[in-house]
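**Student:** here is the input, now give the coordinates:
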Amino acid sequence: MICLLGGTFDPIHYGHLRPARDAVEALGCAVLHVIPAAQPPHRSAPVASAAQRLRMVELAVAEFPGFRADDRELRRGGPSYSVLTLESLRAEYGSQPLCLLLGMDAFLGFESWHRWQDILDLTHLVVLTRPGWTTDGRAAWAQERYGDKAMLSRSAAGHVFFLSVDPQNISATQLRTAFAQGGTVRGLLPEAVREFICQNKIYM
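**Tutor:** Now for the predicted structure:
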């Protein structure tokens, strides 16, 4: 089973990394691809350059065994549509199960994604939730695809699985503001990433 985590990562921080680590361990994934977006379709342009964001991801994943920095969206350029990335990964991994990790906000907006129905033919969706969250009232298409952990490993794609992880109240906006204002950020992101940002004065 291969796990995937996409995002702007402007900058990458423990709010991304720790829930992903928990998910990888819970699911028994061999590898997690951490994929920085070139041009995120649903948000404003990143502050850091593509090269800087990729380097921050490379520095961050060094702390986490099995995590890989994946630059395929940056190499492809243009809008970073997940369906194109997943088609590339499916070609690479054949029939192995793929699990796309999503936060709840991303999942709730999933129907606005480019060719979202096709995504479900390419990967499972693993939605990272806070403890106590329930699946009541979700869209019919999602309810029809609910699966458990065993189902994820038995098929290549198509299921929706909700996984409770410890919440990390960290945001990239919070970190950019802290860097700009000289606030403390230690413990919120890998130290190597913090040093890289300071050395290159990315958000200052």
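**Student:** alpha carbons only for contacts and neighbour counts from here, please
**Tutor:** Will do.
**Student:** name the residues of the helix ranked longest in the chain that come out as buried.
**Tutor:** Across the chain, the longest stretch assigned as helix under DSSP state H is helix 14-27. Neighbour counts over helix 14-27 (16 or more other Cα atoms under 10 Å) mark 14-24, 27 as buried.
**Student:** now do the SS call for Phe196.
**Tutor:** helix (DSSP: H, G, I helix; E, B strand; the rest coil).
**Student:** out of everything not next to it in sequence, what's closest to it?
**Tutor:** Among residues not flanking Phe196 along the chain, Met56 sits closest, at 7.3 Å (Cα to Cα, 6 or more residues apart in numbering).
**Student:** okay, buried residues for the helix or strand hosting that neighbour please.
**Tutor:** Secondary structure assignment for Met56, by DSSP states H and E: helix 50-61. Across helix 50-61, burial judged by 16+ other Cα under 10 Å covers 50, 52-54, 56-61.
**Student:** follow-up on the earlier one: what's the spacing between the helix or strand following the longest helix of the chain and its chain's center?
**Tutor:** Next in sequence after helix 14-27, counting helices and strands by DSSP H and E, comes strand 31-36. Distance of strand 31-36 from the chain centroid (Cα atoms, centre = their mean, to the nearest Å) equals 7 Å.
**Student:** with stretch 6-26 instead?
**Tutor:** 6 Å.
**Student:** with just CA atoms, put that stretch into PDB.
**Tutor:** Taking C-alpha atoms only, stretch 6-26 is exported to PDB below (Å, rounded to 0.1, in the frame of the first residue of the first chain):
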ATOM      1  CA  GLY A   6      -0.200  16.700  -1.500                       C
ATOM      2  CA  GLY A   7      -0.200  20.300  -0.600                       C
ATOM      3  CA  THR A   8       1.200  23.700  -1.100                       C
ATOM      4  CA  PHE A   9       3.600  23.200   1.900                       C
ATOM      5  CA  ASP A  10       4.300  27.000   2.200                       C
ATOM      6  CA  PRO A  11       6.000  25.900   4.600                       C
ATOM      7  CA  ILE A  12       5.600  22.300   5.400                       C
ATOM      8  CA  HIS A  13       5.100  21.800   9.200                       C
ATOM      9  CA  TYR A  14       4.200  19.200  11.800                       C
ATOM     10  CA  GLY A  15       0.500  19.800  11.200                       C
ATOM     11  CA  HIS A  16       1.100  18.000   7.900                       C
ATOM     12  CA  LEU A  17       3.800  15.600   9.000                       C
ATOM     13  CA  ARG A  18       2.600  14.100  12.300                       C
ATOM     14  CA  PRO A  19      -1.000  13.200  11.200                       C
ATOM     15  CA  ALA A  20       0.500  11.700   8.000                       C
ATOM     16  CA  ARG A  21       3.000   9.700  10.100                       C
ATOM     17  CA  ASP A  22       0.100   8.400  12.300                       C
ATOM     18  CA  ALA A  23      -1.900   7.500   9.100                       C
ATOM     19  CA  VAL A  24       1.100   5.600   7.600                       C
ATOM     20  CA  GLU A  25       1.600   3.600  10.700                       C
ATOM     21  CA  ALA A  26      -2.100   2.800  11.100                       C
END
